[in-house]
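>>> Any chance you can model this:
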Amino acid sequence: MKRNLKLYSVIMLTVALASCKDLVSIPEPTGSVTTKKVFSTDGQANSAMAGVYTRMINKTYEGTTGMQGFAAGMSTIFGGMSGNELITTSTANAYYGFNTNNLFTNDGSVAMIWGTAYDAVYGCNAVIEGIEASVSDKLHDNVRNRLIGEAKFVRAFSYFYLLNFFGDVPMALTIDFNKTATMKRTPKAEIYAQLIKDLLDAKNRLPENFSGTDGQRILPTKWAATALLARVYLYTGDYSNAAAQATELISQSALFKLPEDLNSVFLIDSEEAIWQLQQGDLPANGKATPEGFTLVANKATILNDRPFFHMTDELKNDFEANDQRKIAWTWNETTGGKEIYYPYKYKVGTYNARTGNMTEYYVVLRLAEQYLIRAEAQALANMPLGSAIADLNVIRHRAGLDDLPAGLSKSAVILAIEHEREIELFAEWGHRFFDLKRTGRAENVLSILPIKQPWRSDQLIYPIPKTEIIANQNLTQNPGY
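Next up is the predicted model:
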């Protein structure tokens, strides 16, 4: 059954987050759809899951300003500021605390990351429980199976971001308020084990191609689960499985390719995209993706239409000479004698709003990351370094760069991987911030930045929102807050 995610009148699983509370510590909202009502037919169940996606991506545009969701720009912008990728244009900006690593427990942006991620978790739990409880013969087995796979994948994806921003968090696998309202924080290792379990199950349930969406890559497939599995295995130190999952995906050359034209990577029909979120076709966003909405400025005007964020000098200077990614994926201007660079992976913003069909969707998972995952996993698992270097050279070739030398030492290969991840995945989903933390490099790289003085390593983990600590006395705060 084909599905269109341009559904803004779909039956929603949850009410909008009026405050920044998460759905772990508040009861099921009044007026939310009940299990029997939602899951009577294929159409109702499909619409319920579509509601999860549309809230993830379009939370940005329900309000009048700013980013309003972990999957709608916040992971990229705040992760980029907490690392060394993005910087605010003014110290008076409300987001400046992410640049200085000086956050507070009542920070509304931190609470919104937490709340919208748990909103997605709650929605997925509702889909899973609703389908499992439904006895309707109008909800067919193939639809049941696929939707459970989608829900488990999205739940794992959401928990991945909760873990990497907040550390140990409550692991809610149900919508039962009596079980979730007073949950303690679950150890990170236990949550990662659940993510792997969910993703393995999702991989078995999800379709192997995009025929159900007319070729669009807006719903997770078996390969989205594979891609996220490879990432999770890398993060948990299971390098053999990380390499195996990445290899399985890379081998699907009929579905996924690295386009030679860097400007086509983030288009709707990108062959590199593994999973995209489809933003709303709304006047407020000009049909732009969250990052286009936030980061794309009107280059024709001087300072009158500039984003709140631009690239740091550290990121700008880390590009090698003649790297085509700097040409295709950034733009620059000279202001007050200083050269300023902006991310430009997405080309559509509000100033050049589309009047016709959309040209860009929000890329969540893409093939280049899998080459980088496999390279790192191979190097760390003491597999032949030549294989890791070959994967790096695939990425470098597309960027117009020379091959790395064949005889690099292991330590040199690891640093080369860090560099390629920084440049290839810059301003995407917080990759750089997470990489620095998981590899133990944050102290070396971030502690020397003037903007982050005095350095506080405890603020590499965001605070649990104050509202959640008040609502649930079993929740403990992260150190340093």
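
>>> CA atoms for contacts and neighbours, from now on please.
Noted.

>>> which residue ranges form the helices in the stretch 301-450 of the chain?
Secondary structure of the stretch 301-450 of the chain (DSSP state H, counting those that start in this stretch): helices at 313-318, 324-328, 367-380, 385-398, 410-424, 431-438, 442-446.

>>> in the second one, what's buried?
When you say that, I think you mean helix 324-328. Gln324, Arg325, Lys326, Ala328 (16 or more other Cα atoms under 10 Å).

>>> The second one against Ala399, yeah?
Right, the one you point to is Arg325. Yes: using Cα atoms under 8 Å, Arg325 is in contact with Ala399, at 5.8 Å.

>>> which residues are in contact with both of these two?
Leu262 (Cα atoms under 8 Å, 6 or more residues apart in numbering).

>>> Asp201: which element?
Per DSSP states H and E, Asp201 falls inside helix 188-205.

>>> What is that helix packed up against?
The helices and strands touching helix 188-205, judged by 3 or more Cα pairs under 8 Å, 6 or more residues apart in numbering; DSSP states H and E, are helix 141-166, helix 222-235.

>>> highest average neighbour count across the ones you listed?
helix 222-235 (a mean of 25; mean count of other Cα atoms under 10 Å).

>>> Need the residues that contact the helix or strand following that helix.
Per DSSP H and E, helix 222-235 leads on to helix 239-250 as the next helix or strand towards the C-terminus. With contacts defined as Cα under 8 Å, 6+ apart, helix 239-250 is touched by 223, 226-227, 229-234, 256, 367, 370-371, 373-375, 377-378, 380-381.

>>> Could I get the buried residue list for helix 239-250?
Tyr239, Ser240, Asn241, Ala242, Ala243, Ala244, Gln245, Ala246, Thr247, Leu249, Ile250.

>>> Pro450: neighbour count?
Look at Pro450: counted by other Cα atoms under 10 Å, it has 10 neighbours.

>>> Offset the numbering so it begins at 68, please.
Sure, I'll start numbering at 68, so the last one becomes Pro517.

>>> In space, what's closest to Pro546 - neighbours in sequence excluded?
Nearest residue to Pro546, sequence neighbours excluded (Cα to Cα, 6 or more residues apart in numbering): Asp525, at 6.4 Å.

>>> Where does the prediction get shaky in the protein?
The chain contains residues with pLDDT under 70 at 68-104, 126-134, 349-352, 364-372, 420-422.

>>> May I see the domains of it written out as residue ranges?
Domain assignment for the chain by automatic domain parsing gives 68-155+169-273+525-548, 350-410.

>>> got those domains as JSON lines, with distance to Glu510 columns?
Formatted as JSON lines, the domains of the chain follow (distance: least, Cα to Cα, whole Å):
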{"stretch": "domain 68-155+169-273+525-548", "distance to Glu510": "10"}
{"stretch": "domain 350-410", "distance to Glu510": "15"}
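
>>> Comparing those domains, which comes out most buried?
Taking mean count of other Cα under 10 Å, domain 68-155+169-273+525-548 is the most buried of the domains of the chain, at a mean of 20.

>>> Just list the residues touching Glu510, thanks.
So Glu510 contacts Ser524 (Cα under 8 Å, 6+ apart).
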